[in-house]
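Asker: Starting from these lines, generate the structure:
(chains A and B)
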Amino acid sequence: MTALAPIRLSSRVRKNQGVLVVAVLLVILLIFGAFISDRFRTTSNILNIFEQSTGLALVSLGQTLAILTGGIDLSVGSMISLLSTLTSGLIAGKVSMVPPVAIGILLLGLLIGICNGLLIIWLRVHPLIVTLGMSAVLQGIVLLYSLGPAGSVPPSFNFLAYGKVLGLPIGAVFILVLFLLVALFLRYARLGRYIYAVGDDEVGARLMGLPRARVMLTVYGFSGFCCGLAAIYLTSRFSVGQPYTGLNYTLASITPVVVGGTLLSGGKGGVFGTLLGVYLISLLNNVLNFMDVSMHYQLIAQGLIVIAAVSVYVEKKKRV
Amino acid sequence: MVDVSQARGAEGPAISMKSRLSSYALPIFLIALIAVSGIVSPAFLSTSNISNMLLQVAPLGIVVIGQAFVIILRGLDLSVSSVMATAAVIATGFSGQNSDVLSILLIAVGIGIATGLVNGWLVTKRSVSPFLATLATMIVLQGFRFAYTQGAPSGNVPPLFRLIGSSTWHGVPYNMMLLVVLAVVFGVVLAKSRFGREVYITGGNPTTARLLGINADRVTIIGYVISGALAAIAGLVLSGYVGIVDNWVGRGFELDSIVAAVMGGISLSGGQGGILGGLFGAAILVVVFNAVLLFGLPVQLQIIIKGMVIVLAAAFYVRRRI
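Answerer: Predicted coordinates for the structure are as follows:
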């Protein structure tokens, strides 16, 4: 596998550059926030930021892998809507239903993701189109199932969102462990390195006989699985799932990935940059809240950040 | 300087056999669809329903014309829906009298053109993927619109827009006439003019375009500008159709216009297809949505069908290309 070495080296240089930019921005925002409000500096506010970022972090993790292969997963928003509505709808307030439904939701997420992967492989259509279509289909299905909030969850279910381990939000700890595992997988597992190879040079990867089908199934399956996790987390946080829970997550999940230095053309970047990107977005929204800036300007700020980020990391290769 | 018209041969833009074939397939499919719908539900062929469908085709069709330019240039434009809603908000931002029509038109189209310029600049000069560039401008424009309206736009649409958007002349909607005029003008530009040929060559292979001396960046930017300007006009027409304006006029048009274009044989890999195909795609989409409602099927099925159509249509054209 010596042929893969140069790819990894260049990707590490790129990755570190992105991570550095975001880290500096994070520090600036932290200092800025501390000046703006006393309440910003409290431990509970900082923990609050971690807590709020969990859902976005989960979706963005799956999105990062999809984008690393040069693809994209636009079905995440509808998938979260469907899965979270099903979660509270099927649990229907019964404690005994929690374990089977949770497992079922994770499996369903995995299955939908694998469907995405299979369609991409079989139809040879760009992932953008496949997942866009899947997104519409899933949104239609969830609206057929329920037009509003469905079912309920037992009160103890909100432990996932608001519970603490060693004083830290349970979701935040889970996120750190999960990101670390995926980072190790990308760096040391053979399949993890294939993800970079396929994204960096698809034709080259095919000529080398790398298993593109396996890479695609893994990546989109994992993205679906992450949506399952996010759906369960969000249902726990809001106590109920509804057909538009995930509406904003499709676009929101792409922002931290590109801000964190992963190129949309694939092959360069990593999950560590994405995690910092997630914290940057959450911190930014938090600071803007303290500044009493309305939601409208938060939208503008997010859009401008995307434009700035993608203009900084210039993509030299194919365009979507 | 190579003469571009010669590069394509005497028969005009070299549209491949397949898209020639599909230019017959689409009308046949549309007629079959209408016939089947009419048999299943006679109300489908009633004058009022047909007139209603024609009214709905025009705004989508106008957006599709612009989207066609962008997609042939290997891009796509997600910001159209945001431009439409912004134009609609501007339409009600004045006194609501006909005297303001010209200023509304100028401002709305100006915003559309500015959005197109930003999109084109990001895509060509900064090498941002069209998806992300137009997504970002969509979000920024949406934020400005919300800040401007404080979340709740109010006011009236000038009577002239109401007339164009929702009235008919002997059964023919005025907005359909507008669509036909725009389609003919831009169709001729795309199929017959030098610029049109440059669009096809740039979309088919940007490197070839540069070697031929075509300013590919300029062509691409103009493509996005056309899309932005037409989206603004479509937004004004749609505001006349719905009469009241909220922040989400045109929501879903970004997806619908791409679906219509892809269905009409405009390949997302660029350099293929034409405006007529895209308009047939738009018509098929409107007929399908209308049929879903008339048959008493759940509205949600519209969304599911849209999703399946976009994937299958893309697969249909991709498969035959490779």
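Asker: is it fair to say B:G273 lies in a strand?
Answerer: No. Using DSSP: H, G, I helix; E, B strand; the rest coil, the secondary structure at B:G273 is coil, not a strand.
Asker: Could I get the contacting residues of A:P154?
Answerer: For A:P154, the contact set (CB atoms under 8 Å, 6 or more residues apart in numbering or on different chains) comprises A:91, A:93-95, A:98. In this view, the C-beta of every residue, glycine as well, is placed from N, C-alpha and C.
Asker: try 6 Å
Answerer: By CB atoms under 6 Å, 6 or more residues apart in numbering or on different chains, the contact list for A:P154 reads A:V95.
Asker: The nearest residue to B:Y148 once chain neighbours are set aside: neighbour count?
Answerer: Using CB to CB, 6 or more residues apart in numbering or on different chains and skipping the chain neighbours, the partner closest in space to B:Y148 is B:V89 (7.1 Å). Using other CB atoms under 10 Å in any protein chain shown, B:V89 is surrounded by 23 other residues.
Asker: In what element of secondary structure is B:V89 found?
Answerer: Using DSSP states H and E, B:V89 falls within helix B:80-91.
Asker: can you map out the strands along chain A?
Answerer: A:164-165, A:168-169 (DSSP state E).
Asker: now for the last one, which elements pack on it?
Answerer: Put plainly, it is strand A:168-169. Here strand A:168-169 touches helix A:43-68, going by 3 or more CB pairs under 6 Å, 6 or more residues apart in numbering or on different chains; DSSP states H and E.
Asker: For chain B, list the residues in contact with chain A, please.
Answerer: B:126-129, B:131-132, B:136, B:139-140, B:142-143, B:146-147, B:300, B:303-304, B:306-307, B:310-311, B:314-315, B:318 (CB under 6 Å from any CB of the partner chain).
Asker: Buried ones from these, can you make that a ChimeraX selection?
Answerer: Selecting the buried subset of these in ChimeraX, with 16 or more other CB atoms under 10 Å in any protein chain shown as the burial test, is done by:
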select /B:127,128,129,131,132,136,139,140,142,143,146,147,300,303,304,306,307,310,311,314,315,318
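Asker: In helices, which of the residues of chain B next to chain A appear?
Answerer: B:131-132, B:136, B:139-140, B:142-143, B:146-147, B:300, B:303-304, B:306-307, B:310-311, B:314-315, B:318 (DSSP state H).
Asker: circling back to that earlier point, which one of the strands of chain A lies closest to B:G281?
Answerer: Of all the strands of chain A, strand A:168-169 sits nearest to B:G281, with 48.3 Å by CB to CB.
Asker: List of residues touching that closest one?
Answerer: A:47, A:50-51.
Asker: Give the partner strands of that strand in its sheet and their orientations.
Answerer: As defined by DSSP bridges, the strand partners of strand A:168-169 come to strand A:164-165 (antiparallel).
Asker: I'd like the average pLDDT over the partner strand.
Answerer: What strand A:164-165 shows for mean pLDDT is 81.
Asker: do stretch A:105-116 as well
Answerer: For stretch A:105-116, the mean pLDDT works out to 97.
Asker: Give the buried residues for it.
Answerer: A:105-106, A:108-110, A:112-116.
Asker: ok, for the residue of chain B found nearest chain A, nearest residue in space, not its chain neighbours?
Answerer: Chain A sits closest to B:G307 of chain B, with a gap of 3.0 Å, by CB to the nearest CB. Excluding its sequence neighbours, the residue lying closest to B:G307 (CB to CB, 6+ apart) is A:A136, at 3.0 Å.
Asker: now the one you found: how far from B:M308?
Answerer: For A:A136, the distance to B:M308 equals 8 Å [CB to CB, to the nearest Å].
Asker: remind me which residues of the chain are low pLDDT?
Answerer: Here I'm looking at chain A. For chain A, applying pLDDT under 70 flags the ranges A:1-18, A:313-320.
Asker: switch to chain B, that's the one I care about
Answerer: Looking at chain B by pLDDT under 70, you get B:1-23, B:151, B:317-322.
Asker: Grab the nearest non-local neighbour of A:V287.
Answerer: Per CB to CB, 6+ apart, closest to A:V287 is A:G33, 4.5 Å.
Asker: State whether the one you found and A:R41 are indeed in contact, as I suppose.
Answerer: No. Using CB atoms under 6 Å, A:G33 makes no contact with A:R41, being 7.9 Å away.
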